[in-house]
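Enquirer: Curious how this folds, go ahead:
(2 chains)
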2 protein chains.
Amino acid sequence: MANKYIDINTLKYQLFDIHNIKDLLKYERFSDHSEESIDMYINAVKEFSDRELFPFIKEMDETPAYYKNGEVFVHKQVGEFMRKSGEMGLISAIFDYEFEGMQLPITAHNAATFIQDAANNHLPGYAGLTLGSTELITHFGSKELKDTYVPNMLAGKWQGTMCLTEPQAGSSLSDITTKATPTNTGFYKISGQKIFISGGDYQYVENIIHLVLARVAGAPKGTKGISLFVVPKKRINSDGTFTNNDVQTVADFQKMGQRGYCTTHLGFGDTDDCHGYLVGEENKGLKYMFLLMNNARIGVGRGAVAIAMAAYQASLEYAQERPQGRKLSNAGKKDPNEEQCFIIEHPDVRRMLLLQKSIVEGGLSLVLLTSKYQDIVSATSDKEEKEKYNLLLELLTPIAKTYPSEAGIVSVNNAVQILGGYGFCTDFIVQQYLRDIRIFALYEGTTGIQSLDLLGRKTTMQNGKAIELLAVEIMKTIKNASKFEELTLYATNLGGSLQSVQKVINHLMTFAKKGQFEKFLADANLFMELLSHVVISWQWLEMASHSIDAINKKENSYSIDFHYSKIETMKFYFKYELPKIKSLAESILNDDLVTIKTEKTLLF
Amino acid sequence: MANKYIDINTLKYQLFDIHNIKDLLKYERFSDHSEESIDMYINAVKEFSDRELFPFIKEMDETPAYYKNGEVFVHKQVGEFMRKSGEMGLISAIFDYEFEGMQLPITAHNAATFIQDAANNHLPGYAGLTLGSTELITHFGSKELKDTYVPNMLAGKWQGTMCLTEPQAGSSLSDITTKATPTNTGFYKISGQKIFISGGDYQYVENIIHLVLARVAGAPKGTKGISLFVVPKKRINSDGTFTNNDVQTVADFQKMGQRGYCTTHLGFGDTDDCHGYLVGEENKGLKYMFLLMNNARIGVGRGAVAIAMAAYQASLEYAQERPQGRKLSNAGKKDPNEEQCFIIEHPDVRRMLLLQKSIVEGGLSLVLLTSKYQDIVSATSDKEEKEKYNLLLELLTPIAKTYPSEAGIVSVNNAVQILGGYGFCTDFIVQQYLRDIRIFALYEGTTGIQSLDLLGRKTTMQNGKAIELLAVEIMKTIKNASKFEELTLYATNLGGSLQSVQKVINHLMTFAKKGQFEKFLADANLFMELLSHVVISWQWLEMASHSIDAINKKENSYSIDFHYSKIETMKFYFKYELPKIKSLAESILNDDLVTIKTEKTLLF
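Expert: Residues are numbered from 1 along each chain as shown, chains lettered A, B, ... in the order given. Below is the predicted model of the structure:
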């Protein structure tokens, strides 16, 4: 088992130095916080993760959640984790003071949760879903709903879930059929089936509060006829006791990874006695859900990049300790009399390590950047500032969800490769990370859905305003980097990549303008990959600029070696990853439309 | 569970039409065979795979091989499989008549074994290892060794294994320390530890025959001091009874995939009573092993591409049956009143299917091509022909091993993505394929090792003669394709890619000539990827040319739709995969040598 799952220095460097969390503290909402208090919070979560999360990751994989006689049973650490998360205020941290929250910036919360994700990705989802479902209630629910549910959810006593997916409606939420029938007594009767419900049932919480998307009879078809309901597993009587609310656990899903994080199939209203309580207004359910979706999607990116961080640390540790083979001498021979070297000396192993490092830290930087945008949007009272950062947030969220999830698989796959045959064996943790991370490209909208969102919706909104704003931000980094002689080449390179992005967008827009939407969107996935590489290169140039500056100024918060490692990893990304945009652009600009079905493109 | 694991038409099309197995039948060695007899053999193996392999794949994953009290226990179908493989002559098929073989071309054998690999990749390895270890005996062993071991091994009664890896020596075989001490009575005493021994111990065969690499005391250090021994689990007494030969099963390895294919840790000579019988001469063990390594490596590629084939079929079936979402109308809207379409209609799903198809069939074609080269080399008496095909075989073998293993992971990963959340669940087979295929990039020399072999050894041998020969072969395909108007563009494109290969090689050779071997080889992995794309594009252009010709000539062995699907998949590969060589070339030509360790490139 690896000993280290995170490089905490890198996290703090990004949080405090690169993304300057102190910028946020000027806003009224966050004014009670300081860099010191946030640092203490991070340290407390690290200590909590060392003690309560990391030691259980292997065990939770090996003794997965299971279903028996209508109930789901999970590892006992889930109970401990929820109880302690509640006690420590981890679930409530970002909430308003009125809900006993700390009004902690989401940026700090995501940095802290990143540590937990890296320590044991089977656990933080239980708290994260509770947080997300509670947010729906605090933002859109009535006072009664808030009073009844919020305190126990934020205390970790009641689990919260999100019930969107149905068997016949996966990515296509407009096709959900779960019914909500109004009654005269304030509640709705709910009936239907929901699948893939994470944290949907287990033995260690008093109650489970489902946030359920359903259709009220007579509602418009499609996405405009979907309403949101609070549906507790057990109804809360006026005296505080519970009554079963006709929510059945039909089955669970056994999975290739995240086996300790239970996934359930729920049936609502089998005996016509399932009460649901409307959140906000009828038919606005999907809108509410999507108002909070950015945070959920950034959270998925955060989880994926955290697993990749842990796998990177495990493979780095292995590469530093495993002797194997010899370095090539200048004669091109290996001398068997020489001692074996550690495999970290081999260029190909270094390549696999640097690839991971560049993906992990580049992805983390994007997660923290979008988190910061969220904080600004929620905290600022300046309308222009709010609009600017909201547009940037909307544009970058699908990337912050997708890049870590997709590149994260590649990253962890390289960790496995570094361990050789051992990487495939269950005695080593990296194979578990490879299994665990696979779900992230499916959670909260698959890569295909995110790519359609990015190209079809976000790139076009306000006539391309968001892309323009992004280009302005990137140009700032380029300008700053150009001040350092060692970086001018890279700055120029990134500038050129912006032109490629523009060229590709111009090409695609010709289809959109002609109403050829299938052609416009057919290669959305490639566009996602292309723009991701530009955005991650931008993050790396920003980090390298900061590190060169720190070396020049002899700042000593971090070692010179630490800073050099950032600069070298930037160079790695610009050499090995950024060039991929050329072939991606070539593919997108190619007019062979082989993925659009014609009579000739049958598949066998 | 998916119903179909292979497209048998495509396999036959490649075997008989693309790779013209009848070309081989002119050689004396294969002269008793005909296209009809080979077709019957293929059909028999398909029927065997339907009945004895495919039905057990899920069960073998769910009830993995395990170790208990010094023994390994595997699924009972392993016993059935070995017994029937022996009875049907599947293990002995490629052997000479003197060993009761059929002198079947390896090309036909690999086509047939491909079916088995696709049906259930946990089983064919047991037979494959027995075949390979028997080959070592028939090629290099004494008459006594042949008489004693070969008949029962080829009959599937005795399992064969290859014992190379040791705990301290993974990829670095020069560091093995297992000892062989000569005695006066013809045998050697063996002592040492071997790990990752597939099929190393189980309850369903009478005996297990280990082919063991070891060092005779006083042998030179490094690879030139390694000898090869036959070490049976049980010694065979003159009356046919057995005596235990002091081979201990120390442990097994539990793995993320191929869980039904046991992997063992063996100890030899714990009580100083382990007899080993020298194969051939002392100190030539590694040479013998490597003389048969091409076949083993091509077999790894075959297995990987077979798993990817099965995953492709499973995801194709799902995509054809799963309704989800709607096609975009020309107004860019989706109409919720419309019925949902099948997901195979969505361009991004088609992209993921075509990507799989292009990898699977392109990879299969390379496996069969290299198999054919093997057959020519072994069967021809023409020295020039032998040398030519041997050079091509040496050059292409590392690619035939690596491309299917690496691109195969990507391929199966896309199969999982097509199934959405279900793809992650154990109720569906694709997640198992994703776990199973992960080992292939590690088997028989990792991707890093193969890439060093390709660039460092194969590209440079005889001053680049093999690359020249490859270029000639590719030019033939280009010339032929240029006759078809629809293909001229693609033919030109492939020609351009050959120039890129040459440019990259010229650049790298400047380092080799200066004796800068680390720089020469640092990006061998990228060179592997680059050359793979060119080689697979070549295979696709060949297939597309054949299919256009068949359409033009109104040949009716396969449907017109079948042929169009080949042409369209070629176009897909040229649009989405071949362009990757541009960015790969850019990375290789970039002089930022960040993967070679300097004082600045420390890793954290």
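
Enquirer: OK, contacts around A:Met256?
Expert: Contacts of A:Met256 were listed using CB atoms under 8 Å, 6 or more residues apart in numbering or on different chains, and they are A:Arg435, A:Arg438, B:Phe424, B:Cys425, B:Thr426, B:Gln431, B:Gln432, B:Leu434, B:Arg435. Where C-beta positions appear, they are placed from N, C-alpha and C, glycine not excepted.

Enquirer: hmm, 6 Å instead?
Expert: A:Met256 is in contact with A:Arg435, B:Phe424, B:Gln431, counting by CB atoms under 6 Å, 6 or more residues apart in numbering or on different chains.

Enquirer: Ok, A:Lys157 next?
Expert: Neighbouring residues of A:Lys157 by CB under 6 Å, 6+ apart: A:Glu206.

Enquirer: how about 8 Å then?
Expert: Residues counted as contacts of A:Lys157 (CB under 8 Å, 6+ apart) are A:Met82, A:Arg83, A:Gly86, A:Val205, A:Glu206, A:Asn207.

Enquirer: So the fourth one is in contact with A:Phe81, correct?
Expert: No - in this structure, A:Val205 sits apart from A:Phe81 without contact. The criterion is CB atoms under 8 Å, and the distance is 10.9 Å.

Enquirer: before we move on, the earlier item: in helices only, show me the contacts of A:Met256.
Expert: Of the contacts of A:Met256, the ones assigned to helices by DSSP state H are A:Arg435, B:Gln431.

Enquirer: Now for chain A, the helix or strand with the poorest mean pLDDT.
Expert: Across the helices and strands of chain A, mean confidence by mean pLDDT, DSSP states H and E is lowest for helix A:285-291: a mean of 93.

Enquirer: Now for the closest residue to A:Asn3 other than its chain neighbours, how many residues are close by?
Expert: Spatial nearest neighbour of A:Asn3, chain neighbours left out: A:Glu317 (6.6 Å); criterion: CB to CB, 6 or more residues apart in numbering or on different chains. Burial of A:Glu317 is recorded as 14 neighbouring residues (other CB atoms under 10 Å in any protein chain shown).

Enquirer: And the least confident helix or strand of chain A, what's buried?
Expert: Across helix A:285-291, burial judged by 16 or more other CB atoms under 10 Å in any protein chain shown covers A:Gly285, A:Leu286, A:Tyr288, A:Met289.

Enquirer: And the next helix or strand past it?
Expert: Sequence-wise, the next helix or strand downstream of helix A:285-291 (DSSP states H and E) is helix A:293-321.

Enquirer: What subset of the contacts of A:Lys157 is buried?
Expert: The neighbour-count test (16+ other CB under 10 Å) applied to the contacts of A:Lys157 identifies A:Met82, A:Gly86, A:Val205, A:Asn207 as buried.

Enquirer: Low-confidence stretches in the stretch 1-150 of chain A?
Expert: A:1-2 (pLDDT under 70).

Enquirer: those helices in it, which residues are they?
Expert: Listed in chain order, the helices of the stretch 1-150 of chain A (DSSP state H, counting those that start in this stretch) span A:8-12, A:35-52, A:57-62, A:76-87, A:106-119, A:124-140, A:143-154.

Enquirer: what angle separates the last one from helix A:76-87?
Expert: This points to helix A:143-154. Orientation check (axes from the mean of the first three to the mean of the last three CA atoms, to 10 degrees): helix A:143-154 against helix A:76-87 gives 120 degrees.
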